[in-house]
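> Sequence isn't available, so here's the structure alone:
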DNA sequence: GAAGATTGACTTGTATGGAAGTATGGAGCA
DNA sequence: TGCTCCATACTTCCATACAAGTCAATCTTC
């Protein structure tokens, strides 16, 4: 498969290799740098990164649990195509979690948090025009900030896992996705947190997280080769 | 450590050993069969089950991700004590997910599902008197049925991971936990699903999942040695 | 007797070799 | 030409060996 054409994905031989490799491979899969549907094998990756097969195997197992690859013993391991059903389920769970998080934040209405969020909003608007990839980073930071501010840092670990499924879709269509709209939705959430309006805050974040529902069919129609759906 | 005194926890050499061992060890930890705070090592477990270190290692990694053990490289691996903070966070996330699931089910109000749930309620009442451990199984089945009926089978995978933290607390005090009350709460949820009352359904499941909040302090006070809290 | 250095028995992380199963391509035959 | 069989090259899974770090007890030294 097309493992070559790497860039700065280097790993530090001083710290445990397995987890490092897991992050690297996940990133490459989510960004569609590693093409979905293609095969990938332990010795191949091991040789490429000049490490043994054991850490590779451990990374593979984690990727498999996230639903990004499919390990078929004695057959092969393939990078799964995007399963739109899995994306929808991840989105459902994520909406449920973040809705409760935002409700919690609205009951508190912490001024320090609001100021931090507004600073992030400004930064989002600054990069909104030109850099979609960078915006995705800022978006992740925004949602992580919400989770951690609710004293549920543990909750973010789950949301993070759910995001990888959704992010695969996003990276498919970096060009057309409506950053100004998303920023406005972020702003609505912050406003409701500030005013302490629970119901409005909840519906604002739920609306925001439903955005992908409208985009998904389009993106899937444009890039059918990246989705499993009926085929296979 | 006290790995001996096993019972029927045997593994099938025909199917992959790593995942099997993971389930077995998780079960033993959750049931406090393996004492929290004690050390556990790869070669020890490998020798006991007459397998190599490799599958054991894979099981350990998974347990570590669930927050049940703590792997300290070159030092040792210990079975984590119950972190009441982690329990609370798991509970929070679980409530959020299941609340949305039940809301979804109430909008549909599927008679077939309701009949299935009522059958489970009857079974719960049948064993309620004598067998707390069996009740926990039925309780898990009840909640899993809800998740799967919402066409979000994927969501259950997450709830399952969250449950392990909460179940550790439950197994600490099998004697005093109010099965009739819990069954009544289950029944309230089913009733609301049947009548299609979204708001009532949501508050019913949320109330049900808040039950552990009242029990946790008591249980922790009675069994302080199983909790981390202040000490380390 | 007390404090410090050292050796040895642990721990987990990584590397490598063998075993069992599967897919594939070519040879042989009808 | 088309089908069957078989050998070979893959794959993942498990076992074993080595490497590097940590901890504790013991021995030495003051």
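Great, that's in hand. The structure presented is a predicted model; accordingly, all values stated were derived computationally and were not measured.
> touching chain B at all, stretch A:66-86?
Yes. Using C-beta under 8 Å from any C-beta of the partner chain, stretch A:66-86 comes into contact with chain B via A:73, A:86. Quick note: C-beta positions are derived from backbone N, CA and C, even for glycine.
> For residue A:210, which residues are in contact?
Residue A:210 makes contacts with A:91, A:95, as judged by C-beta atoms under 8 Å, 6 or more residues apart in numbering or on different chains.
> Same check on residue A:197?
Contacts of residue A:197 were listed using C-beta under 8 Å, 6+ apart, and they are residue A:106.
> ok, now how distant is it from residue A:117?
According to C-beta to C-beta, to the nearest Å, residue A:197 stands 15 Å off from residue A:117.
> And residue A:174, how far from residue A:136?
Plainly put, residue A:174 is 8 Å away from residue A:136 if you go by C-beta to C-beta.
> So these two - more neighbours on which side?
For residue A:174 versus residue A:136, the count of surrounding residues by other C-beta atoms under 10 Å in any protein chain shown is larger for residue A:136: 19 against 13.
> these two touch, right, the more buried one and residue A:167?
Yes. Using C-beta atoms under 8 Å, residue A:136 is in contact with residue A:167, at 6.9 Å.
> Spell out which parts of chain A neighbour chain B.
Counting by C-beta under 8 Å from any C-beta, the positions of chain A adjacent to chain B are A:16, A:18, A:54, A:58, A:61-62, A:65, A:73, A:86, A:89-90, A:92-93, A:95-97, A:99-101, A:152-155, A:158.
> now do 6 Å
For chain A, the contact set with chain B under C-beta under 6 Å from any C-beta of the partner chain comprises A:89, A:92, A:93, A:96, A:97, A:100, A:152, A:154, A:155.
> so what pLDDT did the fourth one get?
Residue A:96 is assigned a pLDDT of 97 by the prediction.
> Setting aside sequence neighbours, what's the nearest residue to residue A:225?
Nearest residue to residue A:225 in three dimensions, chain neighbours excluded: residue A:37, at 7.6 Å (C-beta to C-beta, 6 or more residues apart in numbering or on different chains).
> burial measure for the closest residue in space to residue A:68 that isn't next to it in sequence, as a count.
Excluding its sequence neighbours, the residue lying closest to residue A:68 (C-beta to C-beta, 6+ apart) is residue A:29, at 5.1 Å. By other C-beta under 10 Å, 23 other residues sit near residue A:29.
> Against residue A:22, how distant is residue A:29?
Separation of residue A:29 from residue A:22 (C-beta to C-beta) stands at 11 Å.
> what's the answer for residue A:55, then?
Per C-beta to C-beta, residue A:55 is found 9 Å from residue A:22.
> Ok, residue A:45 next?
According to C-beta to C-beta, residue A:45 and residue A:22 sit 11 Å apart.
> Who has more neighbours out of the two?
residue A:45 (22 against 19).
> Please go through chain A and pick out the longest helix.
Determined from DSSP state H, the single longest helix within chain A is helix A:84-108.
> so what secondary structure elements neighbour that helix?
helix A:153-172, helix A:179-195, helix A:198-209, helix B:84-108, helix B:153-172 (3 or more C-beta pairs under 6 Å, 6 or more residues apart in numbering or on different chains; DSSP states H and E).
> buried stuff in stretch A:189-204?
For stretch A:189-204, burial by neighbour count (16 or more other C-beta atoms under 10 Å in any protein chain shown) applies to A:189, A:190, A:191, A:192, A:193, A:194, A:198, A:200, A:201, A:202, A:203, A:204.
> pretty sure residue A:77 is touching residue A:71, no?
Yes. Between residue A:77 and residue A:71 there is a contact under C-beta atoms under 6 Å: 4.9 Å.
> Who has more neighbours out of the two?
residue A:77 (20 against 15).
> And that one, how close does it get to residue A:50?
As judged by C-beta to C-beta, residue A:77 and residue A:50 stand 20 Å apart.
> go on, residue A:201?
Residue A:201 sits at a distance of 50 Å from residue A:50 (criterion: C-beta to C-beta).
> wait, isn't residue A:31 in contact with residue A:170?
No. Using C-beta under 6 Å, residue A:31 is not in contact with residue A:170, being 9.8 Å away.
> Report pLDDT for the most far-flung residue of chain A relative to its centre.
Largest separation from the mean C-alpha position in chain A: residue A:74, at 30.5 Å (C-alpha atoms, centre = their mean). Listed pLDDT for residue A:74 reads 93.
> Would you confirm that it belongs to a strand?
No. Residue A:74 is assigned coil when assessed by DSSP: H, G, I helix; E, B strand; the rest coil, not a strand.
> Let me see the backbone angles for it.
phi 60, psi 0 (degrees, to the nearest 10).
> still on that earlier bit, residue A:31 and residue A:170 - which one has more neighbours?
residue A:170 (20 against 16).
> which outside residues touch the lowest-mean-pLDDT helix or strand in chain A?
Lowest mean confidence among the helices and strands of chain A (mean pLDDT, DSSP states H and E): helix A:153-172, at a mean of 90. Contacts with helix A:153-172, where a contact means C-beta atoms under 6 Å, 6 or more residues apart in numbering or on different chains, come from A:30-32, A:66, A:82, A:86-87, A:90, A:93-94, A:97, A:144, A:147, A:219, A:223, A:226, B:89, B:93.
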